[in-house]
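Colleague: Sharing a model prediction with you, sequence too.
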There are 4 protein chains.
Amino acid sequence: MSQAIGRTCWAIAEGYIPAYSNGPEPQFISHETVCILNAGDQDAHVEITIYYSDREPVGAYKITVPARRTKHIRFNDLKDPEPIPHDTDFASVIQSDTPIVVQHTRLDSRQAENALLSTIAYAHN
Amino acid sequence: MSQAIGRTCWAIAEGYIPAYSNGPEPQFISHETVCILNAGDQDAHVEITIYYSDREPVGAYKITVPARRTKHIRFNDLKDPEPIPHDTDFASVIQSDTPIVVQHTRLDSRQAENALLSTIAYAHN
Amino acid sequence: MSQAIGRTCWAIAEGYIPAYSNGPEPQFISHETVCILNAGDQDAHVEITIYYSDREPVGAYKITVPARRTKHIRFNDLKDPEPIPHDTDFASVIQSDTPIVVQHTRLDSRQAENALLSTIAYAHN
Amino acid sequence: MSQAIGRTCWAIAEGYIPAYSNGPEPQFISHETVCILNAGDQDAHVEITIYYSDREPVGAYKITVPARRTKHIRFNDLKDPEPIPHDTDFASVIQSDTPIVVQHTRLDSRQAENALLSTIAYAHN
């Protein structure tokens, strides 16, 4: 039996999908990623809400992370209820019905050489 | 109704605005950013104090982050009570009257290819 | 006598070994690293479990970090029970019988200029 | 009166001073930095201990961060009791007699374009 690790509510205050890219696809498409680990024995039903600077939040984007699995989700790929615009500041809240661990990573390939950032998200509950 | 997430006092020990930049503006202006998420239903009245290595702290810089909004604030853009000098080490404390989440990001474009860093801030209260 | 610092269970939701590299070896081999500090006076017996998106977890990879030592372990170098595939999303859980501190770093040298990311891991227990 | 923010014991599991650099000095010297904020009204007497993979810890390196000041200390510049070797894995523990906030940053300029990483340190006490 696997151990449930983490929290059920996380927040990422930084969010930004660069407007363009350089390099071979799909690895070098500029992307903003939320990495989720579900180390427990129950599937995690995850809801992501996107916050903007100038309009009401959008969501929830629904994702299932199966038991004992990780999913690295590109914000670029979220489509329902609507895609996230590029070159626009946003933030996100990630809620789950079972404990998960959340980390935030960006690959920025707007210029010829890519840049990376990553941080653990803020663990709320 | 939205959920208030986070803390009311945060600190960022690293701060540095690179002295120059390469690439198209405003995206590739070298910048140091504090990303604030207010996921709650009350406007957040935020006060930022800047600490230096060789003189007394300066502030408070006052910012309102409306309910259910995010603001990504470039330290470069803070003007009142005074602009933050470039190529100078600083640190910051971010206080709010309602819970917020704070993340720190730098884009450094002094050289031809940009570099990025990011981290969750230190959550004090 | 040295002080035991940290926790006994950590998680890193992000994991990815780039598929190729540029630059002199071994420093510029693209790598994903877990940095472990054992500041205490007892050897730490560490077990790493790797989580994937599409199959059951693999492990434990066993490592000893001696008392008052640090080890920076490249995921690239883990071989037993099996190597970690490149260009594949993973996550990891790091468990120890005595408190340790865990940090996650990547050097990506797929393009001519290297990129870096780092974050403290999630401290569970 | 200023508010004391932070903890009195921090750890950074990652540490590595690149062996060489590119670009104008001193900004583009490859460096590993510990950023310390003392937001309180008492001077902070800070002791840094360096941990290695293959020998006993070295220290304490002693630094004073005055009240209401920040210091961004390059590990490269620590000399007493001995300099930290380059191209060598290390880790650090930072202890203070009054609360401080600690963040870890690296600028790696071994290649033509610099790379950056940063993370909040692990807050122990």
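Modeller: Received it, and whenever you're ready, just let me know what you need. Here the structure is a predicted model, which is why all the values come from computation and not from measurement.
Colleague: Pull up the gap between the residue nearest the centre of chain A and A:Glu56, please.
Modeller: Taking Cα atoms, centre = their mean, the centroid of chain A lies closest to A:Val34, which sits 2.3 Å from it. Applying Cβ to Cβ, to the nearest Å, one obtains 21 Å for the distance of A:Val34 from A:Glu56. Any C-beta I mention is one placed from the backbone N, CA and C, and that applies to glycine too.
Colleague: Please name the residues that touch A:Glu32.
Modeller: By Cβ atoms under 8 Å, 6 or more residues apart in numbering or on different chains, A:Glu32 lies in contact with A:15-17, A:74-76, A:104-106.
Colleague: any idea how far chain D is from it?
Modeller: Separation of A:Glu32 from chain D (Cβ to the nearest Cβ, to the nearest Å): 18 Å.
Colleague: mind checking which helix or strand that residue is in?
Modeller: strand A:31-38 (DSSP states H and E).
Colleague: what distance separates that strand from the centre of its chain?
Modeller: 4 Å (Cα atoms, centre = their mean, to the nearest Å).
Colleague: and that strand, which strands flank it?
Modeller: strand A:69-74 (antiparallel), strand A:90-108 (antiparallel) (DSSP bridges).
Colleague: Would you double-check that A:Asn76 falls in a helix?
Modeller: Yes: A:Asn76 forms part of a helix when assessed by DSSP: H, G, I helix; E, B strand; the rest coil.
Colleague: give me the low-pLDDT residue ranges for chain A?
Modeller: For chain A, the stretches flagged by pLDDT under 70 are A:1-2, A:20-25, A:27-30, A:108-116.
Colleague: try 50
Modeller: Chain A contains residues with pLDDT under 50 at A:1.
Colleague: Could you pull up the contacting residues of A:His31?
Modeller: A:17, A:74-76, A:106-107.
Colleague: now with 6 Å?
Modeller: Shown in contact with A:His31 (Cβ atoms under 6 Å, 6 or more residues apart in numbering or on different chains): A:74, A:76, A:107.
Colleague: isn't A:Gly15 right next to A:Ala91, touching?
Modeller: Yes: A:Gly15 lies in contact with A:Ala91 (Cβ atoms under 6 Å); the separation is 5.3 Å.
Colleague: Can you pick out the residue with more neighbours from the two?
Modeller: A:Ala91 (27 against 24; other Cβ atoms under 10 Å in any protein chain shown).
Colleague: which parts of chain A sit against chain B?
Modeller: A:11, A:13-14, A:51, A:53, A:57, A:89, A:91, A:93, A:111, A:113, A:115, A:117, A:119, A:122, A:124 (Cβ under 6 Å from any Cβ of the partner chain).
Colleague: Next step: these restricted to strands.
Modeller: A:11, A:51, A:91, A:93, A:115, A:117, A:119, A:122 (DSSP state E).
Colleague: List buried residues within these.
Modeller: Listed as buried from these are A:11, A:51, A:91, A:93, A:115, A:117, A:119, A:122; burial here means 16 or more other Cβ atoms under 10 Å in any protein chain shown.
Colleague: Would you agree A:Thr98 is in contact with A:Ala44?
Modeller: Yes: contact criterion Cβ under 6 Å: A:Thr98 and A:Ala44 qualify, at 4.9 Å.
Colleague: Just want to know which of the two has more residues nearby.
Modeller: For the pair A:Thr98 and A:Ala44, the greater number of neighbours falls to A:Ala44 (24 against 17), based on other Cβ under 10 Å.
Colleague: Next to chain C, which bits of chain A? Give me the list.
Modeller: A:5, A:35, A:37, A:39, A:68-72, A:101, A:103, A:105, A:113-120.
Colleague: For A:Pro66, give me its contacts.
Modeller: A:Asp43.
Colleague: In a helix, A:Ala19, correct?
Modeller: No: under three-state DSSP, A:Ala19 sits outside any helix and is assigned coil.
Colleague: Wait, it touches A:Pro85, no?
Modeller: No: the criterion here is Cβ under 6 Å, and A:Ala19 misses it with A:Pro85 at 9.5 Å.
Colleague: tell me, how many neighbours does A:Asp43 end up with?
Modeller: As a measure of burial, A:Asp43 has 16 neighbours, counting by other Cβ under 10 Å.
Colleague: what's near enough to touch it?
Modeller: A:Asp43 touches A:64, A:66-67, counting by Cβ under 6 Å, 6+ apart.
Colleague: any idea how far chain D is from it?
Modeller: When A:Asp43 is compared with chain D (using Cβ to the nearest Cβ), they lie 31 Å apart.
Colleague: for A:Lys79, same thing?
Modeller: On the measure of Cβ to the nearest Cβ, A:Lys79 and chain D end up 32 Å apart.
Colleague: Can you name the residues bridging to A:Lys62?
Modeller: A:Glu47.
Colleague: burial count for it?
Modeller: A:Lys62 has 12 nearby residues by other Cβ under 10 Å.
Colleague: I'd like the distance between it and chain D.
Modeller: 30 Å.
Colleague: try A:Arg55
Modeller: In terms of Cβ to the nearest Cβ, A:Arg55 sits 31 Å off from chain D.
Colleague: So that residue: helix, strand or coil?
Modeller: Taking three-state DSSP, the label given to A:Arg55 is coil.
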